[in-house]
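Chemist: Next input, structure requested:
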Amino acid sequence: VIWYQGESNAHNIEAHERLFPIWLRSWRKAFANDTLPVLFAQLSSLDRPTWAAFRHSQSRLADAYPHVYMAVTSDIGDSLDVHPRRKAPVGRRLARQALHHIYHRHDVAPFGPRPLTAAEDDGTVTLLFSASSPLTLSSGTTPLTFELAAVPGLFYPAEARITSDSTVTLRNMKLNSPRYVRYGWQPYTQANLIDSDSLPVSTFVMDIDTTALMPEPGLEAGVSAPFAARMGSQLVMAGGCNFPSDPLAPTSVKKFYKGIYVADTAAIAWRRIGSLPTSLAYGATASLPRGMVMIGGTGDSGASRRVMLLNLDSSDTVSLTYLPDLPADIDNMAAAAIGGKVYVTGGNVNGKPSRALYMLDTDSPSPQWTLLSQMPGNPRVQPAMTAAANISGETCLYLWGGFAPRHEGYAEPTLELGGLCYIPSTGAWLQLPAPAVADTSVGLGGGVACTLSNGLIAACGGVNKDVFISALRHQPDDYLMHPIEWYRFNPYTFIFDPVAMKWLDIPSAENADTARAGAAMIAGPDNDFYLIGGELKPRIRTPHTLHCTITSDYE
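Modeler: All right, here's what the predicted structure looks like:
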């Protein structure tokens, strides 16, 4: 259904907000389709008093109901004509919504930049936008129509400038502590902020978060399953989850986080620099030369298919842009990048344990996710994966571990010890041996791996295969009450040679500090790696970041 547009409702916003969901339900009932997609055009610009507030109301309605999508048209109105002549851009923008959301063309951006967070620091407000392409202007040299207020309703014009691909900073010298920001709040607006696809930012008003750069309460307990990468001399961490209060109590609730934090590798002290659009954990991270790719995951709103590219400038200003969505909601998977191609495999795909391998070529003019050959064997939830060069010099994927609970087609849970190598040039999968200590195989499920600067692979952490598979089959009432040592998480760091395709026979010193599950592992520049967060036992996280250097003569 395409609905155009709401002029006769603009004089009574409150009534329209009640009527819209009634109308939506009635049409879906009439067509016997609870997910009937509804696309509608936002009011354009016209010199009538209520139109700015009505446009904002329409945006909120589109966000409030599933399978409802809005095309922004505030930049193509006419100050005097309620029927503006420029109809083709309206059709193209509605088509974008349909192509992306209904026909799953994830290479087509459905809408322009949208405001995510507004943070204030010493009177300067930083607005972070979601964007599929960099912010720019439709006219002029500075963004127009931004306003700030310290009290509700009393807005003053703000000086605005684009400071990164996805951020705008605002300032009004009369306001030391602004608390509200709005944009395009004129019935006929000269708003000029767009993205590189010429898609405009909608009229909006939002509160400024005075805590946006403060550490999130509960984070001091440590997190597992965050997004993490190294950018130059800095570590970046975003999201994650924990049980911050009385974690072993039956009523304890898992908390998901949204903060973005950085720490210098020379002195690891985490500080917050921004926020994700929503709280997330259990996604996957891949590092590209142009930034850190954060893929899927799950959080307070359920599993996600969103893919975001995060980058920082020299002043640690966050740039956050959207890449094409995953073809499904995916969480607890692994990811790695080879050149400009991002690979994702394992995890839960739409809630079911998966063997699928997906690839996104970010260097393609029209990037979209492609389903490649599935991995052999059982599904792998929470595998450890990295990319490294093989004997012929081709960079391949290497993964170990992973599990699957009982699910359709599997009467018993499974847990993998051996690994797999995927060769992109042929699409072939090769079997890899499991790491072992004293001829006993060690599982890396829930563990991590990274490629060191010398080309070898380091892997550590993960659950104990016997303890974990027993809990998957039947979790006793006292399962959470044992001391950390009882769970026997893997305390060894193993080194794999991707050229010889074998684990190196070197002393594997036992180190309780690396016995973590759900940590993030980041390679350093000198045969070293960083281990961030993770579980020490079920529900108990660690706040410590561990820096490990591999010292040996095996090179």
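Chemist: Neighbours of R161, how many?
Modeler: Taking other Cβ atoms under 10 Å as the criterion, the count of residues near R161 is 12. C-beta: built from backbone N, CA, C; applies to glycine.
Chemist: Leaving out chain neighbours, which residue sits closest to the residue most central in space within the chain?
Modeler: Using Cα atoms, centre = their mean, the residue of the chain that lies closest to the mean C-alpha position is M294, 4.2 Å off. Ranked by Cβ to Cβ, 6 or more residues apart in numbering and with sequence neighbours excluded, the top spatial neighbour of M294 is F227, at 4.3 Å.
Chemist: so who does the one you found touch?
Modeler: Remark: with contacts taken as Cβ atoms under 8 Å, 6 or more residues apart in numbering, F227 is in contact with 237-240, 280, 283-285, 292, 294, 297, 310, 520.
Chemist: In strands only, show me those residues.
Modeler: By the criterion of DSSP state E, membership of those in strands covers M237, A238, A284, T285, M292, M294, L310, A520.
Chemist: For my notes, please list those in a markdown table and give pLDDT for each entry.
Modeler: Listed next are the ones in strands among the contacts of F227 as a markdown table, based on pLDDT from 0 to 100:
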| residue | pLDDT |
| --- | --- |
| M237 | 97 |
| A238 | 97 |
| A284 | 98 |
| T285 | 98 |
| M292 | 97 |
| M294 | 98 |
| L310 | 94 |
| A520 | 98 |
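Chemist: Which single one of the residues you listed is nearest to V108?
Modeler: Sorting these by how near they are to V108, with Cβ to Cβ, puts M294 at the top with 20.9 Å.
Chemist: Surely the closest one touches G283?
Modeler: Yes - using Cβ atoms under 8 Å as the test, M294 is close enough to G283 to be in contact (5.9 Å).
Chemist: And L320, how far from T124?
Modeler: Distance of L320 to T124, given as Cβ to Cβ, to the nearest Å: 19 Å.
Chemist: do the same with D81
Modeler: With Cβ to Cβ as the criterion, D81 and T124 are 39 Å apart.
Chemist: same check, this time on M308
Modeler: Distance from M308 to T124, counting by Cβ to Cβ: 24 Å.
Chemist: These two: which is more packed in?
Modeler: Neighbour comparison, M308 and T124: the larger count goes to M308, with 22 against 13 (by other Cβ under 10 Å).
Chemist: What segments of the protein are helices?
Modeler: For the chain, applying DSSP state H gives helices covering 13-30, 51-64, 88-97, 465-473, 484-487.
Chemist: deepest of those helices, which one?
Modeler: For those, the stretch with the most neighbours on average is helix 51-64, a mean of 20; neighbours defined as mean count of other Cβ atoms under 10 Å.
Chemist: Okay, now the unreliable bits of the stretch 351-500 of the chain?
Modeler: Along the stretch 351-500 of the chain, segments meeting pLDDT under 70 are nowhere present.
Chemist: can you give me the strands for it?
Modeler: 352-353, 357-361, 369-371, 384-389, 395-400, 403-404, 414-415, 419-423, 428-432, 436-437, 440-441, 448-451, 457-460, 493-497 (DSSP state E, counting those that start in this stretch).
Chemist: Quick one, which of the ones you listed gets closest to A10.
Modeler: Closest to A10 of those is strand 369-371 (Cβ to Cβ; 39.7 Å).
Chemist: I'd guessed I495 sits against G455; true?
Modeler: No - between I495 and G455 there is no contact under Cβ under 8 Å: 11.0 Å.
Chemist: Please identify which of the two sits among more neighbours.
Modeler: Counting neighbours by other Cβ under 10 Å for I495 and for G455 shows that I495 has the greater number, 20 against 15.
Chemist: Across the sheet, point out what pairs with that one.
Modeler: Each beta-bridge partner of I495 is listed here: A458, as defined by DSSP bridges.
Chemist: for it, what are its contacts?
Modeler: By Cβ under 8 Å, 6+ apart, the contact set of I495 is L456, I457, A458, W503, L504, I506, I550, Y554.
Chemist: picking that back up, distance of the residue nearest to M294 from D361?
Modeler: Separation of F227 from D361 (Cβ to Cβ): 21 Å.
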